[in-house]
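A.B. asks: Okay, here's the prediction I keep looking at, along with the sequence it came from:
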Amino acid sequence: MVNGPPAGQQQYSMAPPPGLNTSNQYNSTTAVPSFGQPGLLPWGDLSSAKKKKKVESRKYKERMLGKLKFFSAKDKYGFIVVEADGTDLFVHYDDLRKAQMDDNLLMTFKGKLDVSVQFCIFEYSNKQGRIKKKAVDIKLLEVKELAQEASTSESNKSPIPK
């Protein structure tokens, strides 16, 4: 019986490169195998690796009042007009669904319904570092049909008997 590689193939050494710590112990500060020096890996220093930007966020506990201004069923987002200052605030479909608003209400409200809501503001910074706000913890307060034009509504009224 012949020990070694088959005929025509070269035998490779399995010995580690010179200077490499082969103890297979983990460095307690970096939780990676130690390669001779703390914090170093065979391909470079950990400190030079790109670090992800931390996305900061904050939720205001104060509840605000507003009305649903716009909703796109296709794109699944909309805007709420904040009653206090009249600004538009982004709202996502998922947050509206959590408030028990069904798809039929969301698709038919424009120009027909006045939807009043209560919500909290969630402020966050996106990946580019810009501060963004959106409505969360939405509570449906009231849904009213908008009054039609006065001339149309008067013509549809039935006369009151005297």
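C.D. replies: Yes, it's here. Numbers count the residues shown, from 1 in each chain.
A.B. asks: so how far is Y93 from D103?
C.D. replies: Per CB to CB, to the nearest Å, D103 is found 9 Å from Y93. Backbone N, C-alpha and C define where each C-beta goes, glycine included.
A.B. asks: sorry, that was for D75
C.D. replies: 9 Å.
A.B. asks: So between those two, which is more surrounded?
C.D. replies: Y93 (17 against 8; other CB atoms under 10 Å).
A.B. asks: and that one, what pLDDT?
C.D. replies: On pLDDT, Y93 comes in at 92.
A.B. asks: Also the one 10 residues further on?
C.D. replies: The model reports D103 with a pLDDT of 84.
A.B. asks: cool, and the one 5 residues further on?
C.D. replies: Listed pLDDT for T108 reads 80.
A.B. asks: and the residue nearest to V91 when sequence neighbours are not counted, what does it touch?
C.D. replies: Nearest residue to V91, sequence neighbours excluded (CB to CB, 6 or more residues apart in numbering): A135, at 4.4 Å. By CB atoms under 8 Å, 6 or more residues apart in numbering, the contact set of A135 is 66, 80, 89-91, 95, 117, 119-122.
A.B. asks: Format those as CSV; extra columns: distance to Q128, neighbour count and secondary structure.
C.D. replies: Shown next, in CSV, are the contacts of A135 (distance: CB to CB, whole Å; neighbours: other CB atoms under 10 Å; DSSP: H, G, I helix; E, B strand; the rest coil):
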residue, distance to Q128, neighbour count, secondary structure
G66, 27, 25, strand
I80, 24, 27, strand
L89, 20, 19, strand
F90, 16, 14, strand
V91, 21, 24, strand
D95, 23, 21, helix
V117, 29, 23, strand
F119, 25, 23, strand
C120, 24, 16, strand
I121, 20, 18, strand
F122, 18, 18, strand
